[in-house]
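1. Could you look at this predicted model? Sequence included:
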Amino acid sequence: MTADDLDAVAAVERASYTSGWPATAFAHEIEHNRLARYAVLEADGAIVGFAGAWLMVDEAHVVTIAVRPDLRRAGYGRLLLHALILMARAEGMEAATLEVRVSNDAARALYRRYGFHEVGERKKYYQDNGEDAVIMTTEEFASAAYERRLEGLAADLEARWPGVMEATAAALNARATRASG
Ligand SMILES: CC(C)(COP(=O)(O)OP(=O)(O)OC[C@H]1O[C@@H](n2cnc3c(N)ncnc32)[C@H](O)[C@@H]1OP(=O)(O)O)[C@@H](O)C(=O)NCCC(=O)NCCS
């Protein structure tokens, strides 16, 4: 995600969350938060979704993920989460964790596919409606079981979009090169 993406990101955010972040919050994240990593997904030249995480010592905390409402259930959420996990793993994170609204069946199902399981809850976590959050965590990225899971999920994405994993790896490498230069 770069400053040029922020208007499109904010539009997806507004369409996805009732009390979402303004573009300035994303700007702060990408410019000033050294722990933050955000990715956008482009299809046919337009931003269709984004995802972000904070790298907290050895654990990636998934902060957000959203896909344009008219383009959901097409696999974009999976692709974004996949890229985020590859990015976190490449930066030395050992596992990922997140909070999600109890009522958010779509997100919880997506996270379960990526090996997140429920480890607890935070009562009345969301200020807008007092809803509880479920805390979900993956197993260790380095475990054989998680490796197998990611390989299977990558194969699903490849079957849908041939070449997508290579393109994702290239995008992550380009980002890593920019960050180190
Ligand atoms: C969560 C979200 C990002 C998923 O994006 P998406 O592009 O629709 O996800 P995908 O098409 O990759 O779906 C992946 C899997 O998630 C699950 N899933 C996604 N939407 C679902 C729904 N409405 N109901 C049940 N399962 C769902 C399914 O297991 C799906 O796999 P399948 O299509 O093979 O069955 C999207 O619903 C969204 O932007 N929601 C609003 C923002 C939000 O709540 N983010 C999470 C905050 S914690």
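-> Received, thanks.

2. mind listing what's buried in stretch 39-58?
-> Buried residues in stretch 39-58, counting neighbours by 16 or more other Cβ atoms under 10 Å, are found at 39-41, 47-55. Yep, even glycine has a C-beta here, placed from its N, CA and C like the rest.

3. Which of those residues fall within strands?
-> Among the buried residues of stretch 39-58, the members falling in strands are 39-41, 47-55 (criterion: DSSP state E).

4. What ranges does the chain have for its helices?
-> Shown for the chain, the helices assigned by DSSP state H span residues 6-16, 23-32, 76-90, 105-113, 144-160, 164-180.

5. okay, those helices, which one's buried deepest?
-> Among those, ranked by average contacts under mean count of other Cβ atoms under 10 Å, first place goes to helix 76-90 (a mean of 21).

6. contacting residues for the nearest residue in space to Ile47 that is not next to it in sequence?
-> Nearest residue to Ile47, sequence neighbours excluded (Cβ to Cβ, 6 or more residues apart in numbering): Ala8, at 3.9 Å. Ala8 sits next to 40, 46-47 when contact means Cβ atoms under 8 Å, 6 or more residues apart in numbering.

7. so what pLDDT did Ala8 get?
-> On the pLDDT scale, Ala8 is placed at 97.

8. Understood, closing this out.
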